[in-house]
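J.: Can you look at this prediction? I've put the sequence above it.
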Amino acid sequence: MQNAQILFPVNVPGAFDYAVPKDMELGVGDFVYAPIGKQMKLGVVTGLGPAEEGRKLKEIAERKLTRPLSPEMIKFIEWTAKYNVASPGQVFRMVLRSYKALDPSPVVSHYSPTGVTPSQLTSSRRAVLREGGPFPARASEIAARAGVSAGVVKGLVKVGAMQELALPVDAPFQEPNPDHPGMELTEGQEDAAKELVAQMQLQDFSVSLLDGVTGSGKTEVYFEAVAEALRQGGQVLILVPEIALTQAGMSRFEKRFGVKPAEWHSAVGDAPRRRVWREVAQGRAKLVVGARSALYLPFADLKLIVVDEEHDTSYKQEEGVIYNARDMAIVRAKLSRHAVILASATPSLESLHNARSGRFAHIVLPERPGAAILPEIGLVDLKDNPPEKGDFLSQPLIEAVKAGLEQGDQSMLYLNRRGYAPLIICQSCGEKLKSPDTDSWLVEHRATGRAMCHLTGFSMRMPTLCPNCKAEDSLTAVGPGVERVAEEAARHFPGAKIEIFSSDTAGNPNAIRDRMDRMAAGEIDILVGTQMVVKGHNFPHLTFVGVVDGDLGLAGGDPRAGERTYQTLVQVAGRAGRAEKPGRALIQTHQPEHEALLALAAGDRELFIGVELAMREMLGLPPFGKLAAVIISGPDLKKTESLSKKMVSVAPRAEGIEILGPSEPPIGRLRGLYRRRLFIQAEPGVNLPRYMAVWRARIRPPAKFKIQIDIDPQSFM
Ligand SMILES: Nc1ncnc2c1ncn2[C@@H]1O[C@H](COP(=O)(O)OP(=O)(O)OP(=O)(O)O)[C@@H](O)[C@H]1O
Ligand SMILES: [Zn+2]
């Protein structure tokens, strides 16, 4: 007799033991149904062993006939859970994204001619046989093409002139062709591609940092490594920030490999999701392009993961299992012994540090191909060039946009603030409109006439009276949002086609993609956008980028603020001048002496990185030390505070660990829940996840209170 450990997709500490029925052949990775309470639940076998004497266990009910999860995938689930201090069941739930994918595709009847000529060849029967194709097809399709009723098709089956075939609804993906001709690479690109291909040929674990300036053709270069992986017969996963999954972006894959890749992101519907999951699990989908969650697809034979825009914060999942897909991609590659490519024009300090210390191969692309050159970046000191009273665009920005319009070129105005104005203030009493259940100011959205909380989505109609002093018409918009900048631009540039691009105006992911595609096609003159415009887009007609507020993001106590601001501004400036015409960027600022801005204007990354790394080293922050955050939240302020203190008091004593807090984070209250925060700083040798797990197990929060652990936090809100 055997016992099996079964992991269920639920948030419990681990796997459960079950007895394996005598006649059941079972292996690790098999999917099974087993009873939990009164329910039958689907789980996966994570271990097998001899039955223990005298221990009575429930029996597994059924083994599901489907391809098992690979041992590497099970290890990857366990690793993810351990590293991020989550339960393996929670991670398994991220893997099991489509139950229906475990079954074979549903089938649907298709029909095709047998070659037999029916004895009674009526005109409608003839129409079906002559005009109903291409075959095989569904009866309704054939009938529509032939202009007859579907009954005619079925009639032809009866007399043996047509046959019925049950074909899968979820068609397999077409094989990508690695030798489909791609773009001709420049010499520098060719060298970089060769290095990546050489890494692929090792057929072992490796990490390469593809560090190339904006528009240097990193995509074309890593395509060569993708091609090599495909030639080896393996599967390839390309992770991109969700917003980069545009038509234009996807069609680049199609151009290079001759077929559409499988696509995976939050807007993919149930049926395509089922299809992708199954085809990936069976090893038949060779090329997958997806957002961060694609990393948890059960690839049968993965040979390469590319993490494009590796510095991007959207790789960090901030809810449920808190994990960083870039880091977990490296873990996955290590477990399955294959290659990873991290690509970015602005690599994270961690990745740069790893590249310099020799842990990652460092492959550099210092220039753009052909005639394209990097945009010239200038600073506009707002002290010397103040905008007109009540305006936000300085004269140099206005002139640059005007010059672009005259040339028929596109411009982009960048401001990472949604809505019309970030603050609504009463001129009579000074009251600021605040979210009712969250520490955040309400933002005026003039397009919809509402005041909105950007953290929770709460919104209400813009009040006409001040809620505090009841003064009429006293509420005033303070500061700029993208709507207000667009309004100002419309005043300066009458007749220009101006569009706003932010998560409010774009709506669902498909609408966002559509707008990006229209921008790429040159259908917009001036795009006013938030950070959504930054990510990896190619707008060939864009020659000028104006940054409305270069200081946004530098304020506050976020240790990553400098790095993030630098990255964002390089990326946003890097959208300009990607084709023949040279590009230019101007950054409006009150702090022209800040090192991030100085480095930008000088085009000197080393200047910035040197200062930033030295500071991190001094403070023992990543990549020189480890960091974790704990967020304690609950509906009652006093109890949240006392739970936070209790958390600190039960902390295990350990060398090389320092606990900071509890303190109130910038968002002290979110959706009615009070929040307190701890930071845990650890010296390099410490196993921080292990420490956190031991600590976490010592405390049990009361109902409605939550303790969340965030390893290597990216958000400091
Ligand atoms: N060898 C080449 N010949 C001609 N055009 C090229 C070549 N390589 C790249 N390009 C073009 O240059 C543009 C930029 O390429 P790509 O998007 O791959 O750059 P990137 O390095 O990923 O940029 P970013 O990091 O800014 O997103 C694209 O339009 C691409 O088609
Ligand atoms: Zn008032």
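T.: Here it is on my side, so go on. Numbering: from 1, shown residues only. Ligands and ions are numbered 1, 2, ... in the order given.

J.: Any residues of the stretch 101-250 of the chain in contact with ligand 1? List them.
T.: 183-186, 189, 212, 214-220 (C-beta under 6 Å from any ligand atom). Every C-beta, even on glycine, is put in place using the N, C-alpha and C of the backbone.

J.: what do you get if the cut-off is 8 Å, keeping everything else the same?
T.: Counting by C-beta under 8 Å from any ligand atom, the stretch 101-250 of the chain comes close to ligand 1 at 183-186, 189, 212-221.

J.: repeat for the stretch 301-450 of the chain
T.: Counting by C-beta under 8 Å from any ligand atom, the stretch 301-450 of the chain sits next to ligand 1 at D308, E309, A343, S344, A345, L365, R368, P369, G370, A372.

J.: switch to 5 Å and redo it
T.: Taking C-beta under 5 Å from any ligand atom as the measure of proximity, the stretch 301-450 of the chain contacts ligand 1 at A345, P369.

J.: got the residue ranges for the strands in the stretch 301-450 of the chain?
T.: Counting by DSSP state E, counting those that start in this stretch, the segments of the stretch 301-450 of the chain that form strands are 302-308, 316-317, 323-324, 339-344, 361-365, 376-381, 410-414, 423-426, 443-445, 450-452.

J.: Close to ligand 2 as well: tell me which of the residues of the stretch 101-250 of the chain next to ligand 1 qualify.
T.: By C-beta under 5 Å from the ion, no member of these lies near ligand 2.

J.: can I get the strands of the stretch 301-450 of the chain in a markdown table with mean neighbour count?
T.: Listed next are the strands of the stretch 301-450 of the chain as a markdown table, based on neighbours: other C-beta atoms under 10 Å:
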| stretch | mean neighbour count |
| --- | --- |
| strand 302-308 | 26 |
| strand 316-317 | 17 |
| strand 323-324 | 24 |
| strand 339-344 | 27 |
| strand 361-365 | 19 |
| strand 376-381 | 18 |
| strand 410-414 | 27 |
| strand 423-426 | 19 |
| strand 443-445 | 25 |
| strand 450-452 | 20 |
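
J.: Looking at the ones you listed, spot the one closest to L465.
T.: Closest approach to L465 among these is made by strand 423-426 (9.4 Å; C-beta to C-beta).

J.: Other residues contacting the closest one?
T.: 431-433, 441-444, 451, 462, 466, 468-469, 471, 474-479 (C-beta atoms under 8 Å, 6 or more residues apart in numbering).

J.: Which among those count as buried?
T.: Buried by 16 or more other C-beta atoms under 10 Å: 431, 433, 441-444, 451, 462, 466, 474-475, 477, 479, out of the contacts of strand 423-426.

J.: Contact partners for the residue lying closest to P422 once chain neighbours are set aside?
T.: Once flanking residues are discounted, P422 sits nearest to G479: 4.7 Å by C-beta to C-beta, 6 or more residues apart in numbering. Applying C-beta under 8 Å, 6+ apart, we find G479 in contact with R417, A421, P422, L423.

J.: still on that earlier bit, between the buried ones among the contacts of strand 423-426, which sits nearest R698?
T.: W441 (38.0 Å).

J.: Look at E224 and say how many residues are nearby.
T.: 21 (other C-beta atoms under 10 Å).

J.: and it, helix, strand or coil?
T.: helix (DSSP: H, G, I helix; E, B strand; the rest coil).

J.: Is it in contact with A198, as I believe?
T.: No: applying C-beta atoms under 8 Å, one finds E224 not in contact with A198, separated by 10.7 Å.

J.: Would you mind giving me the confidence score for C453?
T.: Per-residue pLDDT puts C453 at 87.

J.: repeat for G556
T.: 63.

J.: Over to the one 3 residues further on?
T.: At P559 the predicted local distance difference test score is 78.

J.: wait, what's in contact with it?
T.: Going by C-beta under 8 Å, 6+ apart, the list of residues near P559 reads R616, L619, L621, F716.

J.: And those, which is closest to ligand 1?
T.: Among those, R616 lies closest to ligand 1 (C-beta to the nearest ligand atom), at 24.0 Å.
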